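Curious how this folds, go ahead:
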Amino acid sequence: MAPGFMPKVSIIVPNFNHAEFLPERLDSIYRQTYGNVEVILLDDCSGDESVEILRDYARRHPDKTICRFNEVNSGGVFSQWKKGLELASGELVWIAESDDYCTANLLEELVRYFQNPAVMLALARSDFVRGIPARRIRTSEDYLADLGLGGWDKPFIRAAHSLVKDGWAVGNIVPNASGVVFRNPGKISLLDDRKWLQMRLCGDWMFYLSLVRGGLVAYSPNATNFYRQHGTGTSVNVQKETSYYREFEVIARHLLQNYALEYGDLVKQRRYLYEHWCSRYGGSRREEFERLYDLDRVWPHVRARKPNLVMAVYALIAGGGETFPITLANLLYDRGYAITLLNFRVEPTEPGVREMLSPSIPLLELEQGDLLGAAFKDLGVEIVHSHHAWADMTLAALLLHEPQIKHVVSLHGMYETMDRAQIRALTPLLERVDSFVYAAEKNLSSFPRKFIDERRFDRIDNALPTRTITPVARATLGLGEEDFVLCLVSRAIPEKGWEEAIEAVNWANARSDRDIHLLLIGDGPEYERLRFRKKNDFVHFLGFRANIRDYLAASDIGFLPSRFKGESFPLVVIDCLLSGKPVLATDIGEVRYMLNADGGLAGELFDLVDGDIESDAVGQMIVTLANDPQAYERVLRNVPLAAKKCDVTEMVNKYEIIYKRVAATSAAVAEIGRARQSLGETVE
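This next block holds a predicted model:
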C-alpha cells in the first residue's frame, strides 16, 4: 500500500440475536491490522444478550465506536444496511455480519486495491463454516465453480461488466457481505426502493450490481472471511421458498436495465436456477417454475437500459471545459446511466476538482493509452464523450478501429483558436467523431462549411444544477459590509484578464466614494506572477476554491474581463447568476445572450479594443455600479430572469437524445432479439 494511503473505513455490524457469535465477530474487527476505521454497531431489537455485549465492546473502544439500537424490529436486514450506510462517514464501507468472523488482515488486504480509483468493490475469499468450534464445510472456490467461474487462486482486478458477462449474471459471486469492502456510495436511489428493502436473499446481489456499474472489481485470496452457516438460517430457509425464484426474476430485470447483456446471458441464469428448482422439486413442475421466473416476461426490460458511457477529461483541473464534464457525469448518473470518468492526467489533479465527482462514479486512469480499446471492451463502453481538443484527438486515434464505440465531442472553445491549416490536419481524426455539440456559434468558425454540412452538429446551451449556497462571511476576508466587491473566478492565465482587472479596480478605487475590493479565485501562472507584485488592501488573491458560489454570493458582482479567444458559454457566468448576482464582463462568446433578460441585461458588458481590455473604461463602469444605487439595482433585478434560461433538465434531455441516436439502440435490441431466437426459448 502506498505511504499515506489510509482512507477511513466504516465498519457496519448489523446484529439480530447473535449474542453467541458476537465476541468472535467483534474481536476479529477490533484486531484488524488496518487502523483508520469507525465501527457502527447496530442491533435490531434482539431478544438475547446482544445489546449488553455490544455495549461492552463500545466501552472498550469508545474512540472508534458508534451504537444505534432499535427498540422495534425493522423487519429486514436491508433496512439495517440502509441505517448503517446513512451513518457511515468513511470513504470505504465494510458490512461485517454479526455471526461471521475473519482473518486480521482482511481490511489491510482489501483496502489497498482502492488506490485504483476505478475499483468500486473488493472481495476476499470465504470459507463456509459451521458449529462451535467452527469447522470448514465448503470454500468460496467451490461455490464459484458451481457458477462456472474459475481463476480464484490469484489476485485480480477486473471490469464489472466482464464479470457480469462471465458469470455474475448467473449467480452472485459474493457469498456474503462480510467478505466485501466497497466505496461509500453516499445517497443512492436503491436505499429508498421499497422492493429492495423487502428482499430476503438476493438484495445484496442487486446492491453490488448497482455499486460497481462502469467500474472495476478486485479480488484477493490472501485474506479469508469465515461465513457461518446455520441449519435454520435465513438464506437456507428462503431457498426453500418460492420467493427465492421470484427474487431471481427481479435480479434478471435489474441486470437487463443496467448491463449490456444478450439473451444468452439470461438463458444461462435460467438454466442454473431451473437446476436448483429440479434439485428441490423435480422436473415435473416446470410450469410452476415459469410462473415464478419467466424470461419472456423479463426480456422486454432490455429496452429500458441506457447506453454505457465514458466521460473523458484532459485533466482534473479548474476550468469550465474540465469541470463541466464532471457535472454532466453526475447528472447522467442520477438519471440511471452507467458512467465512467476517464482522466488522461495531462496535468496534476486538483483535489477540489476531484471531489466534485460523485463517489458512485468510477474514475479510470490508464497508464498505457494503447490499452484503451481493450479496457473499453471489458467495461462494455458504448459511447465516449470528450470535452478537450487534445482528448478528442487522442480518443479518435486510439478508437480508430473500434467503430462500435461511438464518440461524442462537446466544443468548449478550443477549435476556434486553431487556424484552418490545423483543422485540415486534424480532419482524418475528426471524421472518426460521430456527433459534435456546441454552445456558441463561434465554436464552428474554424470548421469548413462542407465538414459541418456532412457531419452532425447540435447546439446545446450549457447549464449547471442549483445547490445550497452559504455566502462567505465578509469579515473573514477583511471586507466591510458597505464595501463594493467584485469576484473574478477563472484559470489564472493572461488571456483571462487578471492584470487588467487589478488595474481597473485600482483606477476605480481612486475615484470612488466606496471602497472597492476584488476577489481573485483560481490557480495558474498569473496567480503566481501577480499575487506578490500586485497585492494591496483592495486586491485579494484566494487561489483555488471549490465553493465559488459562496464567494460570488458574498460579493456584489461577478467579473469576467476575458480576452480569451476560445471564450464561448462560460460556466462562471451561470454560477454567478445562480448565486443571485449580476456580471460585469467582456462582450464575448455567448455572454450577452446569457445575461439578456426581458428587462435588459443582468449585468454590464464592455468591448475589446483591438483585442485588448481598456482598464480605465472598465474602471469607470465599476465606479458607476459601486456608487449609483439605481444603476446597480437595474442590473440586479434582471438576474432571476436571466438565471431561468440555465435549464439543466433541458440540457441533459438534449444530451440524452444525442446518446440514444449515436448508440443506435434499436439496432442493438434487434440484434439481441435475433440472438434470442437462435438460442431458443426452452428451459434446459
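
Tell me which residues touch the residue lying farthest from the centre of the chain, please.
For the chain, the C-alpha farthest from the mean C-alpha position belongs to Arg511; by Cα atoms, centre = their mean, that distance is 48.7 Å. When contacts are counted by Cβ atoms under 8 Å, 6 or more residues apart in numbering, Arg511 touches 619, 623. No exception for glycine: its C-beta is placed from N, CA and C like everyone else's.

Secondary structure element for it, which one?
Under the assignment given by DSSP states H and E, Arg511 is not contained in any helix or strand.

is it true that Lys496 touches Tyr527?
No: look at Lys496 against Tyr527 with Cβ atoms under 8 Å: they stay out of range, at 10.5 Å.

And the two? Which one has more around it.
Lys496 (25 against 19; other Cβ atoms under 10 Å).

which ones are touching the more buried one?
Residues touching Lys496, when contacts are defined by Cβ under 8 Å, 6+ apart, comprise 488, 490, 522, 526, 561-562, 564.

just checking, Pro525 touches Glu495?
No: Pro525 is not in contact with Glu495 according to Cβ under 8 Å; the separation is 11.1 Å.

So for those two, which residue has more residues nearby?
Looking at Pro525 and Glu495 with other Cβ under 10 Å, you find the greater number of neighbours at Glu495, namely 16 against 12.

Kindly confirm my reading that the more buried one is in a helix.
Yes: checked against DSSP: H, G, I helix; E, B strand; the rest coil, Glu495 lies within a helix.

The residue lying closest to it once chain neighbours are set aside: neighbouring residues, count only.
Leaving aside its sequence neighbours, Glu495 sits nearest to Phe564 (Cβ to Cβ, 6 or more residues apart in numbering; 4.0 Å). Phe564 is flanked by 20 other residues according to other Cβ under 10 Å.

Also Gln368?
A total of 8 residues lie near Gln368 under the criterion other Cβ under 10 Å.

follow-up on the earlier one: quick one: the residue farthest from the centre of the chain and Thr624, what's the gap?
Applying Cβ to Cβ, to the nearest Å, one obtains 10 Å for the distance of Arg511 from Thr624.

tell me the contacts of the most centrally placed residue in the chain?
Using Cα atoms, centre = their mean, the residue of the chain that lies closest to the mean C-alpha position is Ile361, 2.8 Å off. Listed by Cβ under 8 Å, 6+ apart, the contact partners of Ile361 are 214, 329-330, 333, 339-341.

List the ones among the residues you listed that fall in strands.
Members of these lying in strands (criterion: DSSP state E): 339-341.

could you dump those residues to TSV with distance to Phe289, pLDDT and neighbour count?
Conversion of these to TSV gives the following (distance: Cβ to Cβ, whole Å; pLDDT from 0 to 100; neighbours: other Cβ atoms under 10 Å):
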residue	distance to Phe289	pLDDT	neighbour count
Ile339	37	97	27
Thr340	37	98	28
Leu341	42	98	26
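
Just name the closest of these to Ala312, please.
Looking at the ones in strands among the contacts of Ile361 and their distance to Ala312, the nearest is Leu341, at 7.8 Å (Cβ to Cβ).

Cross-check the contact I'm expecting between the closest one and Thr327.
No: because the distance of 11.2 Å does not satisfy Cβ under 8 Å, Leu341 is recorded as not touching Thr327.

for the contacts of Ile361, which one is nearest Tyr101?
The shortest gap between Tyr101 and any of these belongs to Gly214, at 32.8 Å (Cβ to Cβ).

Look at Arg194 and say how many residues are nearby.
Neighbour count of Arg194, defined by other Cβ under 10 Å: 6.

Oh, that last question was meant for Glu287, not what I typed.
Other residues within reach of Glu287 by the criterion other Cβ under 10 Å amount to 7.

State the distance from it to Ile157.
Remark: distance between Glu287 and Ile157 (Cβ to Cβ) = 44 Å.

What are the boundaries of the strands in the stretch 1-150 of the chain?
Secondary structure of the stretch 1-150 of the chain, counting by DSSP state E, counting those that start in this stretch: strands at 9-15, 37-43, 65-69, 92-95, 101-102, 119-130, 135-139.

can you list those strands in CSV and add distance to Ala58, mean pLDDT and mean neighbour count?
Supplementary listing: these in CSV, determined by distance: least, Cβ to Cβ, whole Å; pLDDT from 0 to 100; neighbours: other Cβ atoms under 10 Å:
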stretch, distance to Ala58, mean pLDDT, mean neighbour count
strand 9-15, 11, 97, 24
strand 37-43, 6, 97, 23
strand 65-69, 4, 96, 17
strand 92-95, 18, 98, 24
strand 101-102, 18, 98, 24
strand 119-130, 26, 97, 22
strand 135-139, 31, 94, 13
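
Including distance to Ala260, could the ones you listed go into CSV?
As requested, the strands of the stretch 1-150 of the chain are arranged in CSV below (distance: least, Cβ to Cβ, whole Å):
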stretch, distance to Ala260
strand 9-15, 32
strand 37-43, 36
strand 65-69, 39
strand 92-95, 27
strand 101-102, 34
strand 119-130, 17
strand 135-139, 32
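
how about the ones you listed, which one is nearest Gly373?
Within these, the stretch nearest Gly373 is strand 119-130; the backing value is 20.8 Å (Cβ to Cβ).

just how off-centre is that closest one within its chain?
If you compare the mean C-alpha spot of strand 119-130 with that of the full chain, they lie 25 Å apart, counting by Cα atoms, centre = their mean, to the nearest Å.

so how many other residues sit close to Glu141?
As a burial measure, the neighbour count of Glu141 was computed by other Cβ under 10 Å and equals 16.

Please name the residues that touch it.
For Glu141, counting by Cβ under 8 Å, 6+ apart, the contacting residues are 125, 152-153.

if I look at it, how far off is Arg158?
As defined by Cβ to Cβ, Glu141 lies at a distance of 16 Å from Arg158.

With Glu109 instead?
Distance check for Glu109 against Arg158: by Cβ to Cβ, it reads 17 Å.

on that earlier part again, return the member of the contacts of Glu141 nearest to Val505.
In terms of Cβ to Cβ, no member of those lies closer to Val505 than Arg125, at 63.9 Å.
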